[in-house]
Structures are given as C-alpha cells and as structure tokens.
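> sequence plus predicted model, see below.
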Amino acid sequence: MEGIIQIRSVLLLLSITMASLTLAVADGVSREEAKELRDEVKDMFYHAFNGYMDHAFPLDELRPLSCAGHDTLGGYALTLIDSLDTLALLGDRQRFSASVEWIGKNLRFDINKTVSLFETTIRVLGGLLSAHLIATDYATGMRVPLYDNQLLNLAEDLARRLLPAFDTPTGIPFGSVNLLHGVDKHESKITSTAGGGTLTLEFGVLSRLTNDPIFEQVTKNAVRGLWARRSKLNLVGAHINVFTGEWTQKDAGIGTSIDSFYEYLLKAYLLFGDEEYLYIFQEAYAAAMHYLYHDPWYVEVNMDSAAIVWPLFNSLQAFWPGLQVLAGDINPAIRTHAAFLSVWRRYGFTPEGFNLASLSVQHGQKSYPLRPELIESTYWLYKATRDPRYLDAGRDMVASLQYGTRCPCGYCHISDVENHQQEDHMESFFLAETVKYLWLLFDLAVGPDNLVENGPYKYIFSTEGHLLPATPQISLVREHCLYYGAYCRSGDLRQTYFVPESDKDKKESNDTGFYESWTKPTYSSDYTTVEPSAVSGLIKGFCPGLNHGQKFGILYAYPTDERHDYETNQVQQKESTTAVQLQSHSVLVLRDQSSDNLLPEDNSSNHNDSQTNESSDTP
C-alpha cells in the first residue's frame, strides 16, 4: 500500500511539473507560418517517398542512411501500398495513378511467406482498400480512369489467405499465417489483444465491398472472444492463448499490445453503425478511465485486482487523447496530451518508455521509431478546439524530425532519444501516418483543401492512418438482419442514405465528438455470427427500447481446455474442430428473444499469469 501511495504522489508531482513546463512554451503560429510548415511537411513526405522509390522499391522498406532497400513484412512493395492514400490526400494524381496501375499489374500474394496477421491487415489490406475507394470515386477528385477494381481483387485474395488464422476454438486468431500454406502447426498459440482485436475495420469494409459477410464475421467473433474473457473489472490483458482463452500476460493498459483494441471498438461503431461495438467500447472505456487513469497519466494494472504493476508512459499510449476526441471526452484528453507532449519536448521525441517513478527514460526503451501517435492526437485536439497551442506543438515536432531524423534518402529511426543516435531504418507508417497527420494539422490551420476536410464523406482513419469513407455502401445505414449472417438489402444502397428528420437542419461539424459529428443511423447490421447449432431459433432483431446491455449482454466465457492438436491426422482435426467450434460459439451469449433469458454466467476465473516475450508491433 505504501508503494502505491508513493507512486501516486510521484504521478501528481509529475503532472504539476509537466503542466508548468508545457504552459511555458507557446509562441504562436501565424497563418502564413502554418502554410510554410504545411509545405515543409509535404517536402518531408517526398524526400522519404522518392528515396524509397529510387533506392528501395519494390522491396518493402527503405534504409535511409545507406540508401538501400530490404524486405520486412512480405516482399510486396509495402511502403508503396502504405503510401497510396497519402499521395491522394496531397492531390498527387500522377503518382497515385501510376502507383495504382503498377500494383494492379504486378502484385501477387500467392507467395510462400509467413506474415503478421495484424501488420498485413492494417498496412497492406487497409492500404489497398483505401486506395481502391479513392480510385473508383469521382467525388474524391482522384479517380483513375482505366482502373477496374484490381486493388479490390487483390485485397480479397489477400484476406482469404489470412482467414485460416481465425480457425481457433476461441475465434481469436493466430498472430501469423503463411500466405500459401495457412497456419504452420508449430505457430505460437499466444497472441496480443491488439493483434486479435484490431481487424474489424479493414475486414468489415471488405465484406461490404464484396458482399461476402465471412470477413466481418470472423473479426467480430475475435472481438467477442476477447471481450468474453475480460476480467470482472471489464479489463483485458495483453496476451492470450487463442486455444484455451487463458491470459498469459494479465497487465492491463492502453499502450503496447492492447492500444488499438480500444480504438477499433469505437471506430467500428462510427464506420458501420453497429451498436454492439459501441456498447463494448463504453464498458471498456469506463473501466480504463476508472482503473488505469491517474490524471493526467495512465498506468498498467493487473486486470483482476487493478493493482499497479507498471508506472510507465508508453509511447503507444499517445493515441489515446485523439480517441477521446472522437468519443467526445475532451477535457482529460487535453490534460493527458499536455503531459505526453512534455516528454517529447524534454527529449525532442517520445521514447518507447518513460518511467513515471524515476522520471527517466525506461532502460531498454530509449528509441523513437518515427511513431505518429502523439502527432495524431495533436491533430485531433486542434480539430476539436482550434487552440493554437497544438500548432505550436506541431511546429516543435517538425523541427525535431527535420533536425534529428532526416537522413540522405529519407528519415531515420532514433535509437536513443537522449543522444539522438540515428538508426538505418524507416518504417512504412512514417509515410502512412506521421507526415500525414502533420500535413493535415497545418492544412487545417491554413484553411483546409483536401478530401478529408472538404470531401463528400466523413472519414475514419484506420490505426495505420488509412482513409476509410463512411459512404452509404460501407456504412449500410438502412441494413438490418433477419437471420444468421444475412445481408438484407433493399434497392440500391447508394440511393438509400438516410438522415433522420431531426438532423436535417442540424449543422454538422468535424470539430466535436462523435455524438455531434456523426449522423446516427436508424439501424445497422446487428447480425450475429453465432452458429445456428449453438442457439435455437432465428434472430429477428432486437425489441425497441432495450438498452445496449440488454441487447448485447455478452457474459463471460467458460474456461476451456485445449482440444485441438494440429499434429493429428485430418480426420481427427475435423472432429476436434467441430467440437470446439460448438463450444466456443455457445459461450458468447446473446439474448434469446423467444425466451427472453440469458445463459447462466460462469463466475470462475483461473487465468495463467505466465509472461510471454511476444510484443505487439502496433504502430
């Protein structure tokens, strides 16, 4: 108890110190300077993009110090795919069209490569889908005349090669899959919460574009599988066994290995209008703010007891204020962003870990790999408040990147934020996110002229910064479910976008939380992915007047034993798979409208506290 009190005292003292430091710097960015900074960021993008195209393409990523390339994910021009929608955002029709044409003609996924499910989904699948949606739409101003759905076809082919990863008793996917042979029998059965729960946007969009619900079904089942195994405090751990559902790392936080799980709960609701995601987000967010938030910092706690286990600022936490803006919770976002920004200003960058007890960089976590999270939150807070302090922050970030990370052919990782030592590596997300959010920040200050701010749709940014538009075809605002897994459409969806009468005269604004800036659909896809054999009767929708908890009263999963062995013969595999699928689906409990009863809740808890060395690569 004494140790916890000391930690909380340090956090309070640190918050006061950092707030004072932040308030001490604010010179003000004029409109003319904002324009110059926007142009400078555009030059930063092309310095890195041209360096990649000249020295690394078609390999995955650039080595910016040695001006060479190397494959890091799958050997399929990763950086080019990740950069497509940034090219479109900058209005570069020539390079965007040429890149789309090259990818459509040359990219293939029938290769013997074992890839990360998470990274491949957010970078490659998301990049292809975003570019496809931009290239096919006259309203974006970037339509490619001879384009014939090549990127969509590639995206569908890739996603089908990823589907074997979801063949687990819990529905939570393996972390890696071979694009040619599926999941290796020796593949690790431990995955991160972010890795298993950050797939819904990309796979959901693909389901709507292809009219095949399987992609959305498996990713929604993964979210349900994780949430059903939360603790009684509504907290989730960092790593889980995808076969047994046992948590192998019970540290709960908003950073490494968990971060984008929270992000995609809210964004899946915003993009698809599926209120089940909103319900889970509200429950998860309330628990995070209650147990993890020590104003203005966030700590990691044991998911069962809420005891503090790690008083650390993790650089991946920096996305959180931006997410809070989308959720309409601005005040804590402002305070937390100020605290995080003070760490950047102390070192010139955010280290991967900053110890809140010792007020120093965490040993072994001194690097800055060009991460975008703090920049992303800066953009969202300026968008919400128009407070000039966020332009000041953006200017400081540009200066740090230009002074500390610019290399001969691109931008380098910083291996140690205390001495600014450069490392010969540039992740693709530098072009997909880091410079994108900086450019959007300053363009917003100048008077925005881009498809995000002035385009025909509202856009959701994926966790990789890819632009996913809330078009009628994707949001499906008139869709509802009549039976398991069905898409029940009427007429041409492009002609059925519905705005309630009460909202017709309401001025929409991108500067507020989602409750004000997103038109609520009258209903959306609430179809279940539960197997018919697990629950009797057909689901006809939900009775009006039920709250989210009554509609989506998902209980806790029963403990399960591992019953699936990939070393058995095919007959044994088929029998075992059938058995575990019935069990795993039946524990994700939905209200049965015919009896108005819920299945009994299992209160047992027998989780494994063993640690794993696997870490999420969430950008």
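On my side now, so go ahead. Numbers count the residues shown, from 1 in each chain.
> which residues touch Phe49?
Ser83, Leu87, Leu431 (CB atoms under 8 Å, 6 or more residues apart in numbering). Bear in mind the C-beta positions are built from the backbone N, C-alpha and C, glycine included.
> count the neighbours of the last one for me.
Burial measure for Leu431: 28 neighbouring residues, criterion other CB atoms under 10 Å.
> quickly find the element holding the residue lying closest to it once chain neighbours are set aside.
Take Leu431 and drop its neighbours on the chain: the residue closest to it by CB to CB, 6 or more residues apart in numbering is Ser83, 4.4 Å away. Assessed by DSSP states H and E, Ser83 sits inside helix 78-89.
> so how far is that helix off the chain centroid?
Computed by CA atoms, centre = their mean, to the nearest Å, the chain-centroid distance of helix 78-89 equals 17 Å.
> ok, Ile111 touching Asp71?
No. Between Ile111 and Asp71 there is no contact, the gap being 10.9 Å when judged by CB atoms under 8 Å.
> just the element for Asp443, please.
helix 435-446.
> identify the residues contacting that helix?
Helix 435-446 has contacts (CB under 8 Å, 6+ apart) with 29, 31, 34-35, 37-38, 41-42, 44-45, 48, 86, 89-90, 372, 375-376, 378-379, 382-383, 390-391, 394, 397-398, 448-450, 452-453, 465.
> thinking Ser415 is in contact with Pro369, fair?
No. In this structure Ser415 lies outside contact range of Pro369 using CB under 8 Å: 9.0 Å.
> and these two? Which one has more around it.
Shown here are Ser415 and Pro369; by other CB under 10 Å, Pro369 has more neighbours (20 against 16).
> just checking, the more buried one touches Glu427?
Yes. Shown here, Pro369 and Glu427 form a contact pair, counting by CB under 8 Å, at 6.0 Å.
> overlap of the contact sets of the two?
By CB under 8 Å, 6+ apart, Pro369 and Glu427 have these common neighbours: His413.
> quick revisit: same for the helix holding Ser83, what does it pack against?
If contacts are counted by 3 or more CB pairs under 8 Å, 6 or more residues apart in numbering; DSSP states H and E, helix 78-89 sits against helix 31-55, strand 61-63, helix 93-106, helix 126-135, helix 435-446, helix 451-454, strand 467-469.
> using neighbour counts, pick out the buried residues of the following helix or strand past the second one.
Where DSSP H and E defines the elements, the next helix or strand beyond strand 61-63 is strand 68-70. For strand 68-70, a neighbour-count test (16 or more other CB atoms under 10 Å) marks Gly69 as buried.
> same question for stretch 251-266.
By 16+ other CB under 10 Å, the buried positions in stretch 251-266 come out as 251-266.
> before we move on, what about stretch 350-362?
Per 16+ other CB under 10 Å, stretch 350-362 contains these buried residues: Thr350, Pro351, Glu352, Gly353, Phe354, Asn355, Leu356, Val361, Gln362.
> what's in contact with that stretch?
6-7, 10-11, 14, 297, 299, 311-315, 318, 340, 343-344, 347, 364-369, 371, 373-374, 417-418.
> number of nearby residues for Asn331?
Other residues near Asn331 number 8, with proximity taken as other CB under 10 Å.
> ok, back up a step: is it possible to mark the buried ones in the contacts of stretch 350-362?
Neighbour-count burial (16+ other CB under 10 Å) applied to those gives 7, 10-11, 14, 297, 299, 311-315, 318, 340, 343-344, 347, 365-369, 371, 373-374, 417.
> give me the mean pLDDT for stretch 550-563.
For stretch 550-563, mean pLDDT is 64.
> to clarify, my last question referred to stretch 366-380.
98.
> distance between it and the chain's centre?
Per CA atoms, centre = their mean, the centroid offset for stretch 366-380 relative to its chain is 14 Å.
> quick one: end-to-end length of that stretch, please.
End-to-end distance of stretch 366-380 (CA to CA, to the nearest Å): 26 Å.
> pretty sure Asn112 sits against Leu180.
Yes. Assessed by CB under 8 Å, Asn112 is found in contact with Leu180 at 4.6 Å.
> grab the most central residue of this protein for me.
The centroid of the chain falls nearest to Thr463 when counting by CA atoms, centre = their mean (3.2 Å).
> for this structure, give me the ranges with low pLDDT.
Scanning the chain for pLDDT under 70 picks out the ranges 1-27, 476-545, 553-555, 558-619.
> try it again with 50
1-2, 4-10, 12-26, 477-541, 562-619 (pLDDT under 50).
> ok, Tyr382 touching Arg395?
No. Tyr382 is not in contact with Arg395 according to CB under 8 Å; the separation is 11.8 Å.
> number of residues surrounding the nearest residue to Leu199 once chain neighbours are set aside?
Distance criterion CB to CB, 6+ apart; nearest residue to Leu199, sequence neighbours excluded, is Thr219 at 4.3 Å. Neighbour count of Thr219, defined by other CB under 10 Å: 29.
> cool, and Leu209?
Neighbours of Leu209 under the rule other CB under 10 Å: 19.
> between the helix or strand it falls within and helix 126-135, how many degrees?
Element membership for Leu209 (DSSP H and E) is helix 200-210. Relative orientation of helix 200-210 and helix 126-135, computed by axes from the mean of the first three to the mean of the last three CA atoms, to 10 degrees: 50 degrees.
> packing partners of helix 200-210?
helix 126-135, helix 150-162, helix 214-227, helix 259-272, helix 472-475.
> only alpha carbons, please: show it as CSV.
Extracted in CSV, the C-alpha atoms of helix 200-210 (Å, rounded to 0.1, in the frame of the first residue of the first chain):
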residue,chain,number,x,y,z
THR,A,200,-12.7,-5.2,-37.8
LEU,A,201,-12.4,-2.0,-39.9
GLU,A,202,-10.5,-3.5,-42.8
PHE,A,203,-12.3,-6.8,-42.9
GLY,A,204,-15.6,-5.2,-42.4
VAL,A,205,-15.1,-2.8,-45.3
LEU,A,206,-14.1,-5.7,-47.4
SER,A,207,-17.3,-7.6,-46.6
ARG,A,208,-19.4,-4.7,-47.7
LEU,A,209,-17.4,-4.2,-50.9
THR,A,210,-17.6,-7.9,-51.9
